[in-house]
Each structure stands twice: as structure tokens, then as C-alpha cells.
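Visitor: Following is a predicted model, sequence given first.
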Amino acid sequence: MRTPPFLVGAALVFWGWQTDFLPLSIVMAAVLEASRMTRARWEFSDEDFSRIWTICTLLFLGIAVYAFTDNGGPARFGSFFQNPSPATQSSAGAVTSRTASTMLRWLPMVLFLFIAAQAYSTREDIPLSTISLILRRRWKRAAKEGVPLPGIRGVNVAFPYFAVCLFAASVHPADGQGYFWGFCALVTWALWSNRTRRFGVFVWAAVLGVAFVGGFFGQYGVGRLQNYIQNLDPRWFERFARNQGTDPSHSRTQIGRLGQIKQSGKIVIRVEPKEGVPPDYLREASYRIYGERYWRAGPSRESFQVVPQETNNLAFILIGKTNFSSAQITCYLEGFSRESGVPLGLLPLPSGSGRLEELPVFVLRMNNLGAVLAEGPGLVTFKAQFGPGLTADSAFDPSETISITNFPGRRARQNTQGRPPVVANPDLIVDPAERPALSQVISNLNLAPGNRVAALRTLKSFFETNFTYSTWLETPNLLNTNLTPLGAFLTRTRRGHCEYFATATVLLLRELGIPARYAVGYAVHEKSGREYVVRLRDAHAWCLVWNERLNIWQDFDTTPASWIEEESRNGSPFQKLSDLWTWAGFQFAKFRWGQSNFRQYMLLALIPATLLLGYQIFARRKRKRNRSTESELERIWPGIDSEFYKIEQKLAARGIGRRTNEPLMNWFERAVSDPDVATAAKSLREILRLHYQYRFDPNGLDAAERERLRFAVENCLKELNRQPTKQAAQR
Amino acid sequence: MSSTAINSNQLQVAREVYKRITANVSKVMQGQAEATRTLMAALASGGHVLLEDFPGTGKTTLAKALARSLDATFKRVQFTPDLLPSDILGVSVYSQRDQQFHFHQGPVFTNVLLADEINRASPRTQSALLEAMGESQVSVDGERHFLSEFFFVIATENPVEFRGTYPLPEAQMDRFAMQFTLGYVQPSEEVAILTAQQHNHPLDALQPCATVSDVLTLKHAVESVRISDELKRYIVDLVAATRSANGVQLGASPRASLALMKAAQALALFDGQEFVTPEQIQELAVPVIAHRLVMQPQAKFSGVTARNVVEEVLKKVKVPA
């Protein structure tokens, strides 16, 4: 079944219009429809069609991989497999649908080579066996057993391709009715050419009209339904779309939570020390204000400022200082920016980081607590230069005050109404609810306010000797006491994880009048070859203490050193296997986010592969014109050297050309009706008789007759040459 | 080779025979020169003819006129649903006198047989004609009876009536060298027909103008008409093209090629040529090939006929020139 002229071209342009590939689609349509104008054809064998089909399949697979990675597939699916939750499930689903729609949109491009091969081949159809492996095997078997093959073995793919174009056009970003009406027009065109003559045009049009009206209301209804479901409860849907990763504005601690706190051994950061000492901690964010369970960034939460980029360089200066050490850090950006839709996340930085090099991000922002927020690819590798001393955090300002009535995380049952607001420096503020326990500890330890060095030493040994690290929290008996979870930790249970230790230390220091902040990030301790790996369970919290002598913030960690062992003991026995998987995922993420050159290599490798296949198909095949083979045949037949053809050419030049299916006699009758030729009719008839005998009589002409034919043609040509001049004279 | 043995004088004689018969037939069949020419081509090339046309267009008259023009035996069988094979071929009858079976020849033992409304007989009776037409012989009771050397079947059928008819099987269709229609004549010619038949039918006055041996001479002369390999190839290309044409379920067989070549040779003889030219092949392609094609049902519904297919093939295949 052949398509009417220009139908496939129109469908292609329609597809281009709907999917924003208009210029490309016009070129494709022109190439395809030009096959109707030109007579150039190639002789493709079944094998060639199979090769072209293989190219198309490869292209399809390549596009599938490209679309999948481009839409964040590996990362989303990775998180889905590691942590199957509704949120990851929905994001993996979204990736699948985005991938599918990209592939559908590109389908006409992928299959274009195949349809073009059909259009420019000498055959009208493509052997079914190139497309169907089953048929190919079945026919091969049939040929072996001598069973007759089915009569129809080819299929014209023009109509299927037309359908593919329409289908691909349906994946269009634009709203509006353009698609529907364009679709109707094209389908009408296609059906018109193939309509049955059994029914009148009116019946045909009526049936088609009914189908279109049904389709119109059907799609309208589906659209309404979709709107309805989307508006059902936006918040309910929002739940699935929550971003992950550390939030620079607040941190919800596990303080007061019961039961096992479990963290996975997934490797999230790799650190390769380049110069100097490796960093001990990688800090993501720090916070200033603690209420029950929550740490808040306080007034600093909105203070993100864009970090200027050095010109023509992927380097950012966080703070001007001398850096002695540097390390290459690779980490994932876990979140997604709502505005730009690109991955977003806090960079884990060694304390005292001054300069970030080779950082391939679009935007880098930093708040005055030293949290650095990057927007860029989902995986970044960069060099951090760091050294002891100055940090990017804002210095302690004694004059800064904050007034807080409602500390974060305060339970509703605790009446805050009527209480006077707490006014204090944000780096010294303590929730009054925590005060009793803190005072008790301070008086027990006999600590004097203001003595920073003594306080740090005492607190360090206090936590080291009297406390145990535990991620398992039994039920503290708080029912009949006024103790907060932190108070219980300090005075009764004395067991907890890093968040307890860090929070307690910060608050104790503040109670002693020493400015302190709460920092979260990762501890770096596990060496793997040249680099350090940081797992999710290495997530850590510690404090920053203000050194008023040097005017810098210093890390201070009171969590018992046994915590690392304790955490490792919780590791899975399949840690190695899991690491291998993480490594593979890491390599893929590197490739997917363009942090390795593999993708470019793959593209470069595709070019010679395609060229080779193309050479096999096109260059080895003799380019064939429709006419040439037939003239080869003609050369075999006798009498092909007859002079009569000169006359035919002559008359053809005058516009009396012979059609290929027109016998000479019929053409002659037509020619002599022309007044110019009519005068030569008699000699022409004789020439034709001789020519026919020369050509079609197996006995041929004898020498005299052959000479007569030659002579008569000469005369006739002379006569014909005179004709126009005679007529010109008459005019 | 017989082609070299026959000289142009014999061709001249054969052409005279053709002209006499045509002139005689045209006394009765006004305005049907084309049909007469085609019919004569079938006769001269040894093929049988199936005339398909509306009632009253002169099918029977044409057949009768041809038979009358020849000094040959002519039999006519009106096909009806209850006609039996023995009614056509003949029957063995037990003779009391010599106590033996004697074969009584049926109407098929003749020179010219008019099988009128052939599609009204049952397929069984239709196929009885098959052997006779294909092999020029009849087998009855295991005994072979040969037909005369000059045996020509003109069958007619009516395309508009379908009730109580049995369309001819494909195999039977292939036995006919040609199928063509007469068509309605021009009004002026129809007036001439009325005038001619005002008092009596001109058929009654028709006198034989050729003998059976004349016809055999004609047939032999046709065989000696030369045809080049290129034109044989053209015929094969035409027939082969019908096998891959759109809407055709079953294309024409090599028997079609053979029939087309022979018919073209006959036309060449009629035109006074000693060799075949492409025009003659094109002229007879439709009557020789079309009725042998089995069309796909979809093609039939969408109005494509076998005739269209052959005409399309003629347009597509490049003609030697």
C-alpha cells in the first residue's frame, strides 16, 4: 500500500511543528519527498535493509540510554532501589515517563534512515524478515525443508512511518488544539486515498466526522479528569516531591527519638588528599539556635550570597587566606532546585576552606555560617584548598542580639504565652528549658565561666569518661520529670549519639559564656587506596567554638572516639559487595554528569561505526539509474544501431516525444498529425517499415535495404531540418 | 524450420483466405470489424474464444456468421443447468442388433462449436469441454476419440445475470485463448442493421467462402510468421508484470504468453507482415491476458478490474522500438 504523494512529508513537518524540531523536520520531509522528483535509485538487498535496520536499532538504544541519563535516571533509580519509598518511587516514575516521552519524540528521527532507504530503493517494499526475527528464522527453516514460502514477503513501511510521526507528534509540550486538528487533517488525507469505493463520499465523510467528534470529546474529558486529579490535594502530592539532603536553614536532630537509628554504608563522598594533611571533617552546614530537637540557622538562614567566580576559571574564592592543604572531593548534589530544575546541594567542605577549584557548577552561593550551596550537575568533583585558621563563617559579634519567644521544636503543651522573650546573642543563646540540666552539670564539674581552655579540656574528658556512644536509645523515664531529652542525656542516661554530644557541648559552652555553634557534616576516617571514602553513616555533628584570642571558629568534637568503631560494627556483612555496587554507580554518575570523557568517547566511536556500516551499504552497491540497466539490455537486441533513432530524437526535441509504452506506429500516427512532420509522412512511413524489419524481423535487412534505411534517414533529417525555416519564411 | 519453408506466396494465399472470411462475416456483422479481427486472430492461432457481452449484441450471430462462412460443420449447444457431459461429448449405446456398444458422437465432434451461455451449465458439464478444448480429444468409457484437426469453440456468456449461473472455473478460463466483448455499435450502424434485417436475416443468405483446408492453410501460415527474441521477451515481461501487479491474487500463466505470441503472429499475417511488431502484441494483450487473472476481493470491491490491471501493465512495461 503506497502513501499518496507528500503525505509522509506533511506528517513529518507536523511532527516537527509539534515537537519543536521544525527546521530539521522540513529537511527530512524534503529529502523524503525529493525521491518522487529524482530518478536516482539504489538497489538494496535484503541484507542491506537488515543493516540499516541494525543502525536504526542502535540509534534507538543510544537514544534510550541518552534520554535515561539525561533525565537523571540512574540517580533516581539508584535511590529508589536503596530506599524504596513513595517519594523515590514517584521520582523514578517521573524519570521513566520523561525518558519514554523523549524517545517517542525522537522516534521519527531514529527511523528516518529506514524510510529513506525504502524511498530511494528500487523496491516498493521492505522485506518483512528484516524487521521480524521470528519470520526470518521461520522462513530460513522453511527454505531448508523445501516448504513453499508465503507469497507476500514485503511490507511498505510508509504508512507505519506515517503513524509513528503522528504518535511522536503527540508527545508535544505545547497546549492547544493544534495537534488534534492537525492529526484529523492528516488522517483524513491518508484515509481519503485508501477509501473504499463501495460507499459514497458522503457516508465516508459522515463516519469520519463521527469518529473525530468522539475523539474530540474523549480527549477533552481525559484532560478534565487529569486537571481534577491534579487539584485533588496539592499537598498530598507535594509529600512525594520532597527534596532530600541537608537543609542549610534547619536541622532536625534525632534527639529524643527512640529505638535504633540506622544509617546505611553507602559511600557518598570520596576525598583524595592532594597536598598537606587530609581533612578530619567535612562540614556541610552550621546552626545557631537550638530548641527541642531542632537546630536553626537563625538570622543567617536567608543570607545566601552568590560567590563570584574567577574569570575564565572554574575557581571560587570563599575567603581570602593562605591554604596549605588541598583535597579533591567528589560528592553528589542530592536536592533539586525548584526554580531551575537542576540538582542542588550543600558542598561538604573541610574546615578552613578558602578556595574551590575546578568546580563545574552553575551557581555557587554561601551564607554567613559558611554553608556553601551549589547548583550544577548531580555529581561534582572539585579541589578544595584549605588550611587552619580563618573560616568562612561570620565572626562572633558581641553586639549582635536576637529576641526569641518561641524556641523551635517547643511542644504545644508547654505554655509559652506570657513568658518574656529571651534576648541574647545568637551564638550564646540557650533555651531556658535546658538550663536546669546544664547548670547541674556545670556545678558538678566546677566550671568557671569564661575560661575557654579549661572548659574545653574538662568537657572533653567529662564526655569521654562518663558517657557512652550508642545509636540505640531506650525509653528514658521522663514522664514524671521536667527533663528534656537533652537533660535526660546529661543527667541520667548518659548514652547517645553525636547529635546529643554536640548539642550538649554547644549549650554547656554557651552557658559558660563561650560562643559556640553546632556543625553537621561528615567525619573522614576510612582510607581506601589513595583516597578516603565517606559513607552515609559517617554523618556527624560537632561544635564550633569561638577562639577569642585568634578570632576564629575552631572545631571541637566531644563525641567519644569509639563512635567510629561503634558505627562500623553496625555495617552490613555485605559491605564489600555494596561498595562495589556504589563504585559502579559512582563511575556511571561520573559519566552521566560529564565528569569523565567517556560520553565523548562513545559519541566519537559511534561515528566510525556508522561510517563503516554506511560504506557497506552504499559504497559497495553500484549506484543505479532506472534507465541504465535497461539500455544494457537494449544493447543485446539486434538493430539497436538503427539510424531511425536520430529522427525520433529530432522529433522529441520538437515536442513530439514518444512515451516509453508507446509503440512506434502509434507514435508515428501522432507525429504526422503535426503539420511540420506531415510533409515527411511518406518517407517516414518507409523508414519506419525498414526500421521495424531491421529491428523485429529475425531475418533482418539485407545490405541494400540497410543502405536504403540509412539513406532515407539522412534525407528525411534534411527535410525535417528545412521545415522550421520554411515555416519561418511563411510567417 | 517451417518458417523458411513457407514462402511469401503462401502467406499471400493465407491472407486472401482471411480477407474473404472477414468480408463475408462483415456482411452480417456491421460495425464489428475489430471484434471480427480479434475472432479471426483466435481462429488462425488455434485458440478458442469466450465472448462476454450483454444479450442481443450479436454474439451468437457472429459465431454463426463465421461458421456459415466456412464450409465446415457447425454445431450449437445451448447450455442449461440440466445439461450433462454426455450431451456434449456423446454416449455409448448398446445395440440389440450386434449386441455391442456403439459410440454416438456428441455435438463436440464438429469444426466450429458454439457453446451458448456456457455459464448456465453445471461445473461438471463445463469441465467436460475442458479436455476437448485442451487436447482436441474426448475420452468416453476409457476410449479416446480424436476431434477433427480444425476445432474451434466460441463460447458466450452473459455478464449481467448471476442467478442460476456457475462462473467458469479458473482452469477453464485459462483454456480460452481470448475473451472479449462486442459492445454496442454506433447508432448509424445500428440503423444499418435494422435496414438489413427488415425483410429477412442476412445470415440466411450467407454463402461459404472458405473450406476447412483453407483454414488449415491459414493456421500453418500463422505459425510461419517470424517473431524476434526481443518481442518474445516483451511478451514475457508483460505477462510476468501481471503476477506482481497490485490487486492481483493470481497472475497469468506461461500459457498466456504462448497464446499472446500466437495471436500476435496471426495479426501480423492479417496486416501483411512476415514478422510481428510491438503494436500487434499490445493490441491483443487485454483480450488474451485479462480473463486469466484472479483478482483479490479487496481490489474487486474498490472497482479495479483485470482489464485495468493489464492496461496498467501495458503502460508500465517499456515497449521495444
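Guide: Structure's in. What do you need?
Visitor: in chain B, which segments are predicted with low confidence?
Guide: B:1-7 (pLDDT under 70).
Visitor: can you pull out the strands in it?
Guide: B:49-52, B:70-71, B:74-78, B:90-95, B:100-105, B:112-116, B:137-140, B:143-146, B:152-157, B:178-180, B:210-211, B:248-250, B:294-295 (DSSP state E).
Visitor: Ok, which of those comes nearest A:V277?
Guide: A:V277 lies closest to strand B:248-250 among the strands of chain B, at 87.5 Å (CB to CB). Every C-beta, even on glycine, is put in place using the N, C-alpha and C of the backbone.
Visitor: And the contacts of the closest one?
Guide: Identification of contacts with strand B:248-250 by CB atoms under 8 Å, 6 or more residues apart in numbering or on different chains yields B:E170, B:T242, B:L293, B:V294, B:M295, B:Q296, B:A299, B:A306, B:V309.
Visitor: What residues does the closest residue to chain A within the stretch 51-200 of chain B make contact with?
Guide: Using CB to the nearest CB, the single residue of the stretch 51-200 of chain B nearest to chain A is B:E170, 16.1 Å away. By CB under 8 Å, 6+ apart, the contact list for B:E170 reads B:L250, B:R292, B:V294.
Visitor: Closest one of these to A:L346?
Guide: Checking the contacts of B:E170 one by one against A:L346 (CB to CB), the nearest turns out to be B:L250, at 77.5 Å.
Visitor: From A:H691, how far out is the closest one?
Guide: Taking CB to CB, to the nearest Å as the measure, B:L250 falls 38 Å from A:H691.
Visitor: I'd like the strands of chain B as TSV, with distance to A:A211 appended.
Guide: Putting the strands of chain B into TSV (distance: least, CB to CB, whole Å) gives the following:
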stretch	distance to A:A211
strand B:49-52	41
strand B:70-71	64
strand B:74-78	53
strand B:90-95	64
strand B:100-105	66
strand B:112-116	51
strand B:137-140	61
strand B:143-146	65
strand B:152-157	43
strand B:178-180	43
strand B:210-211	67
strand B:248-250	31
strand B:294-295	30
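Visitor: how about those, which one is nearest A:G345?
Guide: With CB to CB as the criterion, A:G345 lies closest to strand B:248-250 of the strands of chain B, at 68.6 Å.
Visitor: Make TSV from the strands of chain B and add mean neighbour count to it.
Guide: Formatted as TSV, the strands of chain B follow (neighbours: other CB atoms under 10 Å in any protein chain shown):
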stretch	mean neighbour count
strand B:49-52	23
strand B:70-71	19
strand B:74-78	17
strand B:90-95	13
strand B:100-105	13
strand B:112-116	24
strand B:137-140	16
strand B:143-146	12
strand B:152-157	24
strand B:178-180	23
strand B:210-211	16
strand B:248-250	16
strand B:294-295	15
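Visitor: Show me how chain A divides into domains.
Guide: By the assignment in automatic domain parsing, chain A contains the domains A:7-175, A:250-396+A:424-591, A:637-730.
Visitor: for those domains, which one ends up most surrounded?
Guide: Of all the domains of chain A, domain A:250-396+A:424-591 carries the top mean neighbour count, a mean of 19, counting by mean count of other CB atoms under 10 Å in any protein chain shown.
Visitor: So what's the gap between that domain and the chain middle?
Guide: How far domain A:250-396+A:424-591 lies from its chain's middle: 33 Å, per CA atoms, centre = their mean, to the nearest Å.
Visitor: And the average pLDDT for it is what?
Guide: For domain A:250-396+A:424-591, mean pLDDT rounds to 80.
Visitor: repeat for stretch A:28-48
Guide: Here the average pLDDT along stretch A:28-48 is 81.
Visitor: close to chain B, is that stretch?
Guide: No - Stretch A:28-48 lies out of reach of chain B by CB under 8 Å from any CB of the partner chain, never closer than 13.7 Å.
Visitor: ok so, going back, so which of the strands of chain B gets nearest B:L203?
Guide: With CB to CB as the criterion, B:L203 lies closest to strand B:74-78 of these, at 11.8 Å.
Visitor: and the closest one, which strands flank it?
Guide: strand B:112-116 (parallel) (DSSP bridges).
Visitor: what's next to the partner strand, contact-wise?
Guide: Contacts of strand B:112-116 (CB under 8 Å, 6+ apart): B:60, B:63-64, B:66-67, B:70, B:72-79, B:107, B:129, B:151-156.
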